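Student: Generate a structure from the sequence data that follows.
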Amino acid sequence: MTDSEYVKIYTGSLVIVQHLVQELEEHGINAIVKDETESARLAGFGGGIVPGFQEVLVNKDELDKALSVLETFEADLEEQP
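Tutor: As a prediction, the model looks like this:
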């Protein structure tokens with residue numbers, strides 16, 4: 001396995017992941033969304049983390065900035081009813 005330049009910072013539902021990716025993009029961070037379940041389905045296999053959940057990955061160079069955005073994002077989620 002090769003070393004990746006990307007680090008997973010979040011795993012969640014499609015709706016929340018899309019919102020997080022939008023927040024990251026507003027701060028100039030390009031994120032990658034990884035959907036193991038969909039990839040497995042397309043390949044003809046089952047499995048993945050939890051169906052309907054995606055992972056958000058960011059470049060190691062942007063990790064500190066991304067974690068700061070994530071911290072604010074999660075705090076905002078907790079405040080919502």
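Student: Name the helix or strand for residue 7, please.
Tutor: Per DSSP states H and E: residue 7 is located in strand 6-13.
Student: ok, the residue nearest to residue 19 when sequence neighbours are not counted - contacts?
Tutor: With CB to CB, 6 or more residues apart in numbering as the criterion, residue 19 has its nearest non-adjacent residue at 7.7 Å, and that residue is residue 73. From N, CA and C alone the C-beta is placed, and that goes for glycine too. Residues in contact with residue 73 (CB atoms under 8 Å, 6 or more residues apart in numbering) are 19-20, 23.
Student: Now do the same for residue 73: its pLDDT.
Tutor: Residue 73 is assigned 96 on the pLDDT scale.
Student: Name the SS class of it, please.
Tutor: helix (DSSP: H, G, I helix; E, B strand; the rest coil).
Student: I'd like the distance between it and residue 53.
Tutor: Plainly put, residue 73 is 17 Å away from residue 53 if you go by CB to CB, to the nearest Å.
Student: And for residue 6?
Tutor: 18 Å.
Student: By mean pLDDT, flag the weakest helix or strand of the chain.
Tutor: helix 36-43 (a mean of 53; mean pLDDT, DSSP states H and E).
Student: ok, what's across the strand from the most centrally placed residue in the chain?
Tutor: With distances taken as CA atoms, centre = their mean, residue 56 lies nearest the centre of the chain, 1.5 Å away. Beta-bridge partners for residue 56, by DSSP bridges, are residue 10, residue 33.
Student: can I assume it is in contact with residue 7?
Tutor: No - judged on CB atoms under 8 Å, residue 56 makes no contact with residue 7 at a distance of 9.8 Å.
Student: For the residue nearest to residue 19, give its distance to residue 4.
Tutor: Residue 73 is 23 Å from residue 4, by CB to CB.
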